[in-house]
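1. Just the structure for this:
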Amino acid sequence: MSVPATRSRLLARLAAFPGRLAATAGPAAARPDPDGEWSVEQVARHLIAVEVEVHQSRLRDLATDDAPSWTWQEPGPWPGEPELDLDGVLGRFAQLRGETVATFRALDEAGWARAGRHAMFGSLDAEGLLRLAVDHDEEHLAGVS
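-> Reported below is the predicted structural model:
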């Protein structure tokens with residue numbers, strides 16, 4: 001598979017994820033939370049925090065820093081807008097994810113080639129960041145399904 005085709009496939013998965021999460025969130029929220037596990041809303045709030053503090057932040061770093069370096073980050077649930085119910089949180093996540101997807105889609109070849117260094121994963125270009133985002137999504141979807 002060519003690089004642009006791989007990117008397109010990964011971007012489609014990234015863009016589709018909020019809908020997939022929303023489709024499983026309602027049924028999952030109706031079940032009791034396993035002991036010690038996050039609720040579906042907490043998972044969605046975590047995904048918001050990751051979207052802003054990890055994905056969007058690292059894309060900005062690639063655009064503005066010649067050699068960004070990143071540490072492992074696993075933020076807790078986003079504390080913002082505590083009045084939002086699950087549907088509101090899912091909507092906020094979808095909005096932020098749309099911004100991230102748009103940023104990826106706006107990259108030219110030089111943007112895709114820019115790379116930073118991650119403390120655990122080594123050198124990561126924009127496609128590497130995209131792969132990590134998709135993998136992170138799948139991990140959390142499996143946890144709420």
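2. For the protein, which segments count as strands?
-> 69-70, 115-118, 122-125 (DSSP state E).
3. Which stretch among the ones you listed is buried most, on average?
-> strand 115-118 (a mean of 17; mean count of other Cβ atoms under 10 Å). Just so you know, the C-beta spots here come from the backbone N, C-alpha and C atoms, and that holds for glycine as well.
4. For the longest helix seen in the chain, buried residues please.
-> Identified as the longest helix of the chain according to DSSP state H is helix 3-30. Within helix 3-30, the residues scored as buried using 16 or more other Cβ atoms under 10 Å are 7, 10-11, 13-15, 17-18, 21-22, 25, 28.
5. Then stretch 28-38?
-> Those would be 28, 38, for stretch 28-38 by 16+ other Cβ under 10 Å.
6. chain center to that stretch, what's the gap?
-> 21 Å (Cα atoms, centre = their mean, to the nearest Å).
7. what's the answer for stretch 102-111, then?
-> From the chain centre to the centre of stretch 102-111 is a distance of 16 Å (Cα atoms, centre = their mean).
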